[in-house]
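Enquirer: Quick one: sequence plus predicted model below, questions after.
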Amino acid sequence: MNPLLEQGLLVNRRHFFGRASSGIGAAALVSLLNDQLFAAPQLRADTGGLSELPHFAPKAKRVIYLFQSGGPSQLDLYDYKPNLKGQFAKEVPTSIYPAERKTTMTSGQAQFLAAPSIFKFAQHGEGGAFFSELLPHTASVADELCVVKSMYTEAINHDPAITFLQSGSQIAGRPSMGAWVSYGLGSENRDLPTFVAMSSHTGGQPLYDRLWGSGFLPGRYQGVKFRSTGNPILDINNPAGVDRETRRKMLDFTNKLNVIKQEETGDPEINTRIAQYELAYRMQMSVPQLTDVSDEPKQTFALYGEQARKPGNYAYNCLLARRLAERGVRFIQLYHRGWDHHGNLPNRLRAHCRMTDQASAALVKDLKRRGLLDDTLIIWGGEFGRTVYSQGKLTTEDYGRDHHPSCFTMWLAGGGIRGGISHGETDDYSVNVTENGVHVHDLQATILYLLGIDHKRLTYKYQGRHFRLTDVHGRVVKDILA
């Protein structure tokens, strides 16, 4: 300690702001430096979410987002185009697909030959939606699904397109959708994170922590990633020689120091740190029980597949998503990479459908039989679609497809969604939306609406501007609501 400081005889800049922050005169000064400090939103004591939310009665309490990273081919899975059979190996007209809409990966090709899907399609469910033969399990829950064939986006490359879907902006640094939901609604379970992210143990386009990050929102709202190998969360277990009682004492002492520092500086992130330390302590008990699926009956693995026994697999993550949902976790994000099929698409698509089809459908069935589907919103889809023309050599059995942002397919189920329908249409080449287009911001607005949130009113002031997930766009797609 510096005795001159303690006697008020020597004051440096840091000490002045630390001590003066509690004074009335300094309050005005600090408010000029941080205009959010005295306008902090009111949080609910029970959930930690905003006191004003939900804005209206929600239809869903939680979200499970099955993100298929890489861009699944809508032409080979959902968007049936029987008339394309007669266009095999014919040049796609530039009036349909102009040069300026092609990526640099294919813009230099000598030909842009139409590649009809080699897979068979059939109608399923009372609504008669078309599904590829690669998705027999998904087709079996057709009456629960709303298949949106008219999605479109603005980005043509993976990183900005994924970032756009997850955060509402192609530019990195904005809060993720899960962070916005966590900020707005808070938690239903104080022993588990409000927002959990998981990734299948597969190759493909890289994923970044910012996809489940909190951006400029307080750090407490970022997603907690469950790892696919080893302990689901780093340091979830105490080190050797440290028992739970000792850990509690260490945490109490650390929290006392943090409280002193917070009182000196007024830094809100210190409160976040205290809260996260406490959550981590409680998770040491809750997470091992959650991730140990050995207590599941045989029927569960018959439903999801035997791969659901092995951490890191998509099927295991889907089963874990159900276990998280029934424990009240608010936003659950699964990432499955490997859908970026520029070449050898038929074989690679078969492989990824085998990995994901059964488990995706099982999650819908499992939630329904447990009475959880009605208030759980499930979303399946990637960041964009694929081209109608072949990338690389085209044969009757093999082709590739490049990125295509102008139309792609996603499906939604549960949580206030109207099941058994297809929404939107595309042209005969699956190049352009022709009916009921759904922009990415529209999807985001609809997700928030189902959670009881007006997307225009969920905002956060940062750098002098009120930001929101949907930026200045977005409309609720009411035609797909139950």
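Expert: Cool, got the structure. Residues are numbered from 1 along each chain as shown.
Enquirer: What segments of the stretch 201-350 of the chain are helices?
Expert: Secondary structure of the stretch 201-350 of the chain (DSSP state H, counting those that start in this stretch): helices at 244-265, 268-291, 298-304, 314-326, 345-369.
Enquirer: lowest-confidence stretch among these?
Expert: Lowest mean pLDDT within the helices of the stretch 201-350 of the chain: helix 268-291, at a mean of 75.
Enquirer: Check the offset of that helix from the chain's centre.
Expert: Distance, stretch centre to chain centre, for helix 268-291: 21 Å (CA atoms, centre = their mean, to the nearest Å).
Enquirer: Which positions within that helix qualify as buried?
Expert: Neighbour-count burial for helix 268-291, with 16 or more other CB atoms under 10 Å as criterion, is recorded at 268, 270, 272-274, 276, 279-280, 283-284, 286-287, 290-291. All C-beta atoms are positioned from the backbone trio N, CA, C, and that covers glycine.
Enquirer: Which stretches in the stretch 51-200 of the chain count as strands?
Expert: In the stretch 51-200 of the chain, strands defined by DSSP state E, counting those that start in this stretch lie at 62-68, 121-124, 129-132, 145-152, 195-199, listed in chain order.
Enquirer: for the helices of the stretch 201-350 of the chain, which one ends up most surrounded?
Expert: helix 314-326 (a mean of 24; mean count of other CB atoms under 10 Å).
Enquirer: and the angle for it with helix 268-291?
Expert: Calculated by axes from the mean of the first three to the mean of the last three CA atoms, to 10 degrees, helix 314-326 forms an angle of 110 degrees with helix 268-291.
Enquirer: domains for the protein, by residue range?
Expert: Structural domains assigned to the chain are 1-39, 45-236+293-480, following automatic domain parsing.
Enquirer: Can you flag the weakest of those domains by average pLDDT?
Expert: domain 1-39 has the lowest average pLDDT among those, namely a mean of 43.
Enquirer: So for Gly128, which of the helices of the stretch 201-350 of the chain sits nearest?
Expert: helix 345-369 (18.0 Å; CB to CB).
Enquirer: coming back round to it: distance to Ser117 for the helices of the stretch 201-350 of the chain - can I get that in TSV?
Expert: Rendered in TSV, the data for these read as follows (distance: least, CB to CB, whole Å):
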stretch	distance to Ser117
helix 244-265	56
helix 268-291	38
helix 298-304	27
helix 314-326	23
helix 345-369	9
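Enquirer: for those, which one sits closest to Leu84?
Expert: With distances scored as CB to CB, the stretch of these nearest to Leu84 is helix 345-369 (14.8 Å).
Enquirer: same for that closest one, what does it pack against?
Expert: The criterion is 3 or more CB pairs under 8 Å, 6 or more residues apart in numbering; DSSP states H and E, and the helices and strands that helix 345-369 contacts are strand 62-68, helix 74-77, helix 136-139, helix 298-304, helix 314-326, strand 331-336, strand 376-381.
Enquirer: With distance to Phe195 as extra columns, can I get the ones you listed in JSON lines?
Expert: As requested, these are exported to JSON lines (distance: least, CB to CB, whole Å):
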{"stretch": "strand 62-68", "distance to Phe195": "10"}
{"stretch": "helix 74-77", "distance to Phe195": "28"}
{"stretch": "helix 136-139", "distance to Phe195": "26"}
{"stretch": "helix 298-304", "distance to Phe195": "23"}
{"stretch": "helix 314-326", "distance to Phe195": "10"}
{"stretch": "strand 331-336", "distance to Phe195": "4"}
{"stretch": "strand 376-381", "distance to Phe195": "14"}
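Enquirer: So which of these is nearest Val388?
Expert: helix 74-77 (6.4 Å).
Enquirer: which helices and strands does the closest one pack with?
Expert: Helix 74-77 is packed against strand 129-132, helix 345-369, strand 385-386, strand 408-413, with contacts defined by 3+ CB pairs under 8 Å, 6+ apart.
Enquirer: Just the C-alphas of that helix, formatted as PDB.
Expert: Taking C-alpha atoms only, helix 74-77 is exported to PDB below (Å, rounded to 0.1, in the frame of the first residue of the first chain):
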ATOM      1  CA  GLN A  74     -31.500 -28.200 -51.900                       C
ATOM      2  CA  LEU A  75     -31.700 -29.800 -55.400                       C
ATOM      3  CA  ASP A  76     -30.700 -33.200 -54.100                       C
ATOM      4  CA  LEU A  77     -32.600 -33.200 -50.800                       C
END
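Enquirer: Residues contacting it, please?
Expert: Residues from elsewhere that reach helix 74-77, judged by CB atoms under 8 Å, 6 or more residues apart in numbering: 81, 84, 116-119, 131-132, 134-135, 149, 345-346, 349, 353, 385-386, 388, 401, 407-409, 426, 430.
Enquirer: Quick check on those residues: which are buried?
Expert: Buried positions within these, assessed by neighbour count (16+ other CB under 10 Å), are 81, 84, 116-117, 119, 131-132, 134-135, 149, 345-346, 349, 353, 385-386, 388, 401, 407-409, 426, 430.
Enquirer: before we move on, back to that, quick check: which of the domains of the chain is buried the most?
Expert: Among these, the stretch with the highest mean neighbour count (mean count of other CB under 10 Å) is domain 45-236+293-480, at a mean of 20.
Enquirer: just to revisit the earlier point, tell me which of the helices of the stretch 201-350 of the chain approaches Ser422 most closely.
Expert: helix 345-369 (16.7 Å).
Enquirer: how far off strand 145-152 does the closest one point, in degrees?
Expert: Relative orientation of helix 345-369 with respect to strand 145-152: 130 degrees, computed using the same axes, to 10 degrees.
Enquirer: next one: helix 345-369 to chain centre, how far?
Expert: Using CA atoms, centre = their mean, the distance between the centre of helix 345-369 and that of its chain works out at 18 Å.
Enquirer: Likewise for stretch 310-329?
Expert: Using CA atoms, centre = their mean, we find the averaged C-alpha position of stretch 310-329 to lie 14 Å away from the chain's own average C-alpha position.
Enquirer: Not counting sequence-adjacent ones, nearest residue to Phe408?
Expert: Gly385 (3.1 Å; CB to CB, 6 or more residues apart in numbering).
Enquirer: for the one you found, what are its contacts?
Expert: Contacts for Gly385 (CB under 8 Å, 6+ apart) come out as 71-75, 151, 404-409, 430.
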